[in-house]
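[1] Any chance you can model this:
(one chain, ligands or ions: 1)
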Amino acid sequence: MTQLSAAQTKPSDSSKALYGGKGTRRITVRDIALAKERGEKWPMLTAYDAMTASVFDEAGIPVMLVGDSAGNCHLGYDTTVPVTLDEMTMLSAAVVRGTRRALIVGDLPFGSYQEGPVQALRSATRLVKGAGVGAVKLEGGERSHEQIRLLVESGIPVMAHIGLTPQSVNAMGYRVQGRGEEAAAQLLRDAKSVQDAGAFAVVLELVPAELAAEVTRALHIPTVGIGAGPETDAQVLVWTDMLGLTGGRVPKFVKKYADLRTVMGDAAKAFAEDVVGGTFPLEEHSVH
Ligand code: KIV
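    Alright, predicted model coming up:
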């Protein structure tokens with residue numbers, strides 16, 4: 001007889017769903033594990049400030065990533081490489097303050113964990129104590145195994161990140177990862193390695209959809225896809241891409257749900273024209 005999965009044997013309880021559920025307390029990594037058992041898909045968005053984060057929290061987004069994509073999308077750098085731990089701590093603290101329910105994951109920036117597990121623990125402790133995040137994320141598969149293991153043993157939940165790892169842009173560029181037999185086998189080894197080290201989830205960035213599906217089936221922790229096709233357990237997008245605020249080209253895998261760049265630009269022009277034309281402020285905006 002084939003064994004029934006947990007999702008088949010337990011009655012589904014939609015009030016516990018990560019998205020659309022009724023809970024009001026902060027989501028934890030245990031809730032994330034239970035969602036995988038239930039076979040539930042969930043959304044994750046990046047956030048870099050309290051106000052945007054509060055909008056996503058009220059919309060029910062269960063997990064927010066204070067990604068080092070803040071480098072490109074918030075701080076005006078060309079890549080994520082220059083982002084510092086001080087900057088990540090400040091941005092992560094703001095996102096924590098702006099939210100009540102979402103699990104907040106803070107990214108460890110380039111140079112804050114590559115030296116080894118002890119440096120990783122020092123940096124992660126800063127994000128957990130200084131900013132109040134519920135988990136941290138770091139890049140790398142087998143090469144980050146020991147860092148993940150020490151953080152998890154120390155009580156810090158870790159989301160891993162494999163496939164395209166933007167902190168290594170100077171070495172790998174922005175190219176699809178895991179193409180070809182050897183690269184696909186390495187990606188699978190990386191995924192198993194971070195799971196064995198104790199990661200509670202793993203981001204798969206820019207990998208073929210078929211490979212992402214295979215990794216998702218092979219792991220008991222959830223996979224979070226970005227440019228990894230439809231079969232991962234969760235999906236993440238950078239919020240400025242998803243809401244159409246990013247200027248210039250965005251990657252092919254982004255779906256634009258709004259055009260904030262046009263909305264904001266038009267509003268700024270309307271304000272400027274009112275001021276120049278003397279139609280703002282009016283009597284209703286004035287005090288006497
Ligand atoms: O920094 C970030 O926003 C990320 C996501 C793209 C996964 O790592």
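[2] Indicate the residue of the chain located nearest to the ligand.
    When scored by Cβ to the nearest ligand atom, the chain has residue 67 as its residue closest to the ligand, at 2.2 Å. Any C-beta I mention is one placed from the backbone N, CA and C, and that applies to glycine too.
[3] is the residue lying closest to that residue once chain neighbours are set aside in a bridge, and if so with what?
    Nearest residue to residue 67, sequence neighbours excluded (Cβ to Cβ, 6 or more residues apart in numbering): residue 46, at 4.4 Å. Beta bridges link residue 46 to residue 65, judged by DSSP bridges.
[4] Could you report the pLDDT at residue 46?
    Predicted confidence (pLDDT) for residue 46: 98.
[5] ditto for residue 4
    Residue 4 carries a pLDDT score of 51 in this model.
[6] For residue 146, see how far away the residue of the chain closest to the ligand is.
    To residue 146, residue 67 is 23 Å away according to Cβ to Cβ, to the nearest Å.
[7] So which bits of the stretch 151-288 of the chain are right by the ligand?
    161, 203, 205, 226, 236, 238 (Cβ under 6 Å from any ligand atom).
[8] Could you export the residues you listed to TSV, including columns for distance to residue 59?
    TSV is the format used below for those (distance: Cβ to Cβ, whole Å):
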residue	distance to residue 59
161	24
203	21
205	24
226	19
236	15
238	16
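[9] Can you tell me which of those has the most neighbours?
    Highest neighbour count within these: residue 161, with 29 neighbours (other Cβ atoms under 10 Å).
[10] what are the bridge partners for that one, then?
    Per DSSP bridges, the residues bridged to residue 161 are residue 139, residue 203.
[11] Can you pick out the residue with more neighbours from residue 67 and residue 146?
    The neighbour comparison of residue 67 against residue 146 (other Cβ under 10 Å) goes to residue 67, with 31 against 14.
[12] how is this protein carved up into domains?
    18-257, 260-288 (automatic domain parsing).
[13] next one: the first one to chain centre, how far?
    What that stands for is domain 18-257. Distance of domain 18-257 from its chain centroid, counting by Cα atoms, centre = their mean, to the nearest Å, is 4 Å.
[14] Surely residue 82 touches residue 70?
    No: between residue 82 and residue 70 there is no contact under Cβ atoms under 8 Å: 10.9 Å.
[15] Show me which of those two is the more surrounded one.
    Using other Cβ under 10 Å, the more surrounded residue of residue 82 and residue 70 is residue 70, with 26 against 15.
[16] And the helices in the stretch 51-200 of the chain?
    Assigned by DSSP state H, counting those that start in this stretch, the helices in the stretch 51-200 of the chain fall at 70-73, 85-97, 117-125, 145-153, 169-172, 181-197.
[17] Which of these has the lowest mean pLDDT?
    helix 169-172 (a mean of 92).
[18] Not counting that one itself, show me its contacts.
    79, 80, 81, 164, 165 (Cβ atoms under 8 Å, 6 or more residues apart in numbering).
[19] Please identify which pair of those lies farthest apart.
    Using Cβ to Cβ, the pair of the contacts of helix 169-172 lying farthest apart is 81 and 164, separated by 14.2 Å.
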